[in-house]
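Undergrad: no sequence on this one, just coordinates:
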């Protein structure tokens, strides 16, 4: 068994959600949940079937993001993993709905940061995600000025009153 | 610290759910959730206590699956991990209820595929699950014929209208 | 890419929750959820921002635990990871509420055991959590006496009737 | 405005779930949730569309229960109300999944008891459910013998350990 | 005690959500949930405080809808009731998030239909919602042509594949 | 059918939760959820069985509140209704956990206000809850001073940052 890593390829501003699921129905359920939660959402998603035909299964409302999802899912190559790219929405808009899909197991990350996916590969070439490196290394502990900045930020963008 | 992997031993058609929890109450709560969700469900489950007596704690309605769960949990040897084997039910029937148990942390996988569990083992022999290899490597991106097949499949088995 | 591990530093009886999230709002949402769920709860939490200022963001109702959370989060150094230390409450009191926060991805562990966090570090020094070693290695499968003990324990502490 | 009541017509042993939703998609989502949660489930459901064509919308896997649901929904005549009849399953198997459907508002009752539905009817003949009378009037407070009986019952049918 | 009813005043195309909660914090939590779920959402909400100052508490991102919510909540006059008006979003986008707010009790309806709210008023003038008449009376059971229409509708608007 | 109302008897400062469920298991599940969510919680609860022996089923950690719950449930006399009284905890600490219990249908109210329960009673004497009058009639719409007060209140008691 070997540990490898892959950098997810995506435009800088695009958010992604990476998770583990267990069934081909994932493709339709993820599509429904995204469309149901954000009016006019633009996204692409891919799920790695890992038995039978072993195809990357894809859906979406944005062809470019759908292809991007398919290519990244194939490159990661880990069974039952899904990846979603979001253009005009944020993970916070859809993550709880995704966590509630009955065949979704867990979410590795949800981020617009650069992401490096760490996988284990066995002697048959099958792979599984071990974890992700999501963005940059933290540089220090916030001080009073940093605290004021983050409180003000959340209120300026309207997420908190 | 060393990275190792274990193949879960199980009959081909049996589904398994592997997760992380935090408390001995997990054993009773998993049992209740399974019995509450599927009338007449046949299953076995095991949870690895990782303090005090450090015993593999087991419940179930099917003796063979209960023993299978206990043996696999002991072999994986990772603290606070649980494993469930399902005979006449599918992960999709019970997974959301399991995710809602107040002491369950996450689900590593839910699958009938062959599963290889990757663990880290420290110098004291204590272990933790890093991730799983769930089934085979994806072979390519679905084409139009594959899309028709999956849509038809989900409707033929009645999961979608 | 390198695999490393860190022992979380904490007083023996203190419970911790370690998870992955995706947004600076995590700090305020975790704070609210903890205060909302347990009257008078004493806790400290830290979240590793992994873009922009890359600061460890902290909140809490107990200064010592807040500092402990900040120090551990900085030492783990993994982007978008959060850690919570609880003094007069248990993970079971708050875990479902945390799982329901819209930007929380997953929970690696919830435990009072000694915990060793396994991280991957890339060539830029950025890190991600692969998994955790939560407590000691299981020593064997429970027998009838062990079963009686655990059933009696859950009823003695009042968690089951 | 007038207050009226209707007795739901159903075979004695059949369980029903009565609720309020807000969108024609309810029909397909209820179908999916029932099929996803209980393997081989036999049910019928109806939803009262209350704009446009104002049709009773029906789905199910059991023709008799589907017709029964349609007839009862039409007789109740309350907008956006749904009713489900279950043959080989119990409300406890599916109720949380129904509560999680994104267009479901609330559940008035889930029961195998005789049910009388209380509705308000306005001068246009439009109706809404005010509440339900679910089964018989309680006769007294349990004593120690009653407590033993209920604890034993829950353990005999396997719902509790 | 007297039973009365009120027609909610609103523009035809505007959706509303009417529910029961238990705490002044409802106002901020509803605001956060709406802003978090739909980017750029336009809404107004009001909550009827029913102790102390007994004020209608309001928030929103659209002044007209905020005033509309306040006026309707005051006219309904029922303690701990909230009402939300949505302009560029649908109840399906936000309803599960609202149901998950820790002080929300239940949802009476979510609809763009005309709504008549039925209240009970006691001798002190205090009121409570008994139920709602949501839209028009159903006119009959769907036939095969109606079924085709609704399946086609859900797929045309993209909610189902 | 007749519409009646009952004032719930309780000490002023005690919070109550009133809801609809569907199964005798409610008693044990409510007990577990309350004990699991708040360390050392003092409460009493009662559930009105509405078939078979038709007994008021009770549990709790505070004898006085348990008796109070039983007496109120018997007086309300509505089938499958439950009532909980909380001494050292608030509905906000436990309400989501209660909503997640698989046999709970809905919550009529959660409040420390005076509550009047409106019931329908049929010719057999069986009853159902139609709704509740929760506290006093709202007196007007908040102005800027009221808004400042409520924002400051939520931050002073620590529920918001």
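TA: Sure thing, it's come through. Because the structure is a prediction, the values reported are computed rather than measured. Numbers count the residues shown, from 1 in each chain, chains lettered A, B, ... in the order given.
Undergrad: Closest residue of chain A to chain C?
TA: Chain A approaches chain C most closely through residue A:135 (3.0 Å), counting by C-beta to the nearest C-beta. The way it works is simple: take the backbone N, C-alpha and C, and place the C-beta from them, glycine included.
Undergrad: Look at residue A:2 and say how many residues are nearby.
TA: 10 (other C-beta atoms under 10 Å in any protein chain shown).
Undergrad: what residues are up against it?
TA: Going by C-beta atoms under 8 Å, 6 or more residues apart in numbering or on different chains, residue A:2 touches A:120-121.
Undergrad: and the gap between it and chain F?
TA: From residue A:2 over to chain F the distance is 42 Å, taken as C-beta to the nearest C-beta, to the nearest Å.
Undergrad: So whichever helix or strand residue A:107 is part of, near chain D or not?
TA: Element membership of residue A:107 [criterion: DSSP states H and E] is strand A:104-111. No: Strand A:104-111 does not reach chain D (C-beta under 8 Å from any C-beta of the partner chain); its nearest approach is 12.6 Å.
Undergrad: interface residues of chain A facing chain C?
TA: Residues of chain A found near chain C, taking C-beta under 8 Å from any C-beta as the criterion, are A:3, A:5, A:91-92, A:95-96, A:99, A:106-113, A:116, A:118, A:130-142, A:146, A:149-151, A:153-154, A:159-160.
Undergrad: Can you flag the buried ones in these?
TA: Neighbour-count burial (16 or more other C-beta atoms under 10 Å in any protein chain shown) applied to those gives A:3, A:5, A:91-92, A:95-96, A:99, A:106-113, A:116, A:118, A:130-138, A:141-142, A:146, A:149-150, A:154, A:159-160.
Undergrad: Just these: which are in strands?
TA: Per DSSP state E, strands hold the following members of these: A:3, A:5, A:106-111, A:116, A:118, A:130-134, A:141.
Undergrad: so who does the closest residue to chain B within chain A touch?
TA: Going by C-beta to the nearest C-beta, chain B is nearest to residue A:50 of chain A, at 3.0 Å. With C-beta under 8 Å, 6+ apart as the criterion, the residues that contact residue A:50 are A:79-80, A:126, B:111, B:113, B:134-138.
Undergrad: how about the residues you listed in a markdown table, adding pLDDT and distance to chain E?
TA: A markdown table is the format used below for the contacts of residue A:50 (pLDDT from 0 to 100; distance: C-beta to the nearest C-beta, whole Å):
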| residue | pLDDT | distance to chain E |
| --- | --- | --- |
| A:79 | 98 | 23 |
| A:80 | 98 | 20 |
| A:126 | 98 | 29 |
| B:111 | 98 | 23 |
| B:113 | 98 | 25 |
| B:134 | 98 | 24 |
| B:135 | 98 | 24 |
| B:136 | 98 | 25 |
| B:137 | 98 | 26 |
| B:138 | 98 | 21 |
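Undergrad: Which residues of chain A lie near chain E?
TA: Residues of chain A lying near chain E by C-beta under 8 Å from any C-beta: A:28, A:31-32, A:35-39, A:59, A:61, A:88-90, A:92-93, A:96-97, A:100, A:158-161.
Undergrad: Quick check on these: which are buried?
TA: Buried among the residues of chain A next to chain E by 16+ other C-beta under 10 Å: A:28, A:31-32, A:35-39, A:59, A:61, A:89-90, A:92-93, A:96-97, A:100, A:159-161.
Undergrad: out of those, which touch chain F?
TA: Applying C-beta under 8 Å from any C-beta, the subset of those adjacent to chain F comprises A:160-161.
Undergrad: List the contacts of residue A:9.
TA: Applying C-beta under 8 Å, 6+ apart, one finds that residue A:9 lies in contact with A:68, A:71-72, A:75.
Undergrad: got a pLDDT number for it?
TA: pLDDT, residue A:9: 98.
Undergrad: Can you classify it as helix, strand or coil?
TA: Classification of residue A:9 by DSSP: H, G, I helix; E, B strand; the rest coil places it in coil.
Undergrad: Surely residue A:141 and residue C:58 touch.
TA: Yes: with contact defined as C-beta atoms under 8 Å, residue A:141 reaches residue C:58; the gap is 6.9 Å.
Undergrad: residues shared between the contacts of those two?
TA: Any residue near both residue A:141 and residue C:58 by C-beta under 8 Å, 6+ apart counts here, and that gives C:46, C:70.
Undergrad: Spatially, and excluding backbone neighbours, which residue is closest to residue A:154.
TA: Of all residues not flanking residue A:154 in the chain, residue A:160 sits nearest, at 4.4 Å (C-beta to C-beta, 6 or more residues apart in numbering or on different chains).
Undergrad: check contacts around the one you found.
TA: Residue A:160 touches A:151, A:154, C:25, C:28, E:32, F:160-161, counting by C-beta under 8 Å, 6+ apart.
Undergrad: How far does stretch A:35-50 sit from its chain's centre?
TA: Centroid separation between stretch A:35-50 and its chain, computed with C-alpha atoms, centre = their mean, to the nearest Å, is 10 Å.
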